[in-house]
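[1] Okay, predicted coordinates and the sequence, questions at the end:
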Amino acid sequence: MAEDGYVPVNPQTLETRFPNVYAVGDVATIGVPKAGVFSEGAARVVAASLVARLRGGEQPGAYNGLGSCYIEFGAGRVGRVDVDFLSGPKPTGTFHEPSVALVAEKQFFGSSRGARWFS
């Protein structure tokens, strides 16, 4: 399946060239960073597509390549970058200045994933 160590996929659907086979995460050639937030978004699209196929429903929209990354600045401050890798001709991003409010947001982001995945 792999070519040069990665699995080629349709960046909108995450489908490989093999029928009914998808790839997400570090192995897929989507054009986004190899970070969990991007894998999570891609996995949502694949899961929704599989559920729609099984139930005969409408296919979900395309994978959007959106993600946010938190940046620790020390002194009790965290910044955030919101990035869009796929909707335009080149990636774009918005930087949110470090703040105490973003510390709480980052903590919630991490704890919500832990609760969802491991509880």
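    Thanks, I have the structure now. Numbers count the residues shown, from 1 in each chain.

[2] which stretches of the protein form strands?
    Under the criterion DSSP state E, the chain carries strands at the ranges 7-8, 28-29, 66-74, 77-84, 92-99.

[3] deepest of these, which one?
    Per-residue neighbour counts averaged over each of the strands of the chain give the maximum for strand 28-29, namely a mean of 20 (mean count of other Cβ atoms under 10 Å). In this view, the C-beta of every residue, glycine as well, is placed from N, C-alpha and C.

[4] Parallel or antiparallel, which strands does it pair with?
    Applying DSSP bridges, strand 28-29 is found paired with strand 7-8 (parallel).

[5] so how far is residue 53 from the residue in the chain sticking out farthest from the centre?
    Distance from the centre of the chain peaks at residue 75, with 28.7 Å (Cα atoms, centre = their mean). In this structure, residue 75 and residue 53 are 49 Å apart, going by Cβ to Cβ, to the nearest Å.

[6] Check this protein and tell me which residue is nearest its centre.
    Ranked by distance to the mean C-alpha position of the chain (Cα atoms, centre = their mean), the top residue is residue 38 at 1.8 Å.

[7] Pretty sure that residue sits against residue 28.
    No. Counting by Cβ atoms under 8 Å, residue 28 is not a contact partner of residue 38; they are 9.6 Å apart.

[8] show me the contacts for the residue nearest to the centre of the chain.
    For residue 38, the residues meeting the contact criterion (Cβ atoms under 8 Å, 6 or more residues apart in numbering) are 30, 32, 65, 67, 85.

[9] Do I have it right that the last one meets residue 35?
    In other words, residue 85. No. Taking Cβ under 8 Å as the definition, residue 85 is not a contact partner of residue 35, at 10.8 Å.

[10] So those two - more neighbours on which side?
    In this view residue 85 and residue 35 are compared by other Cβ atoms under 10 Å, and residue 85 has more residues nearby, 20 against 14.
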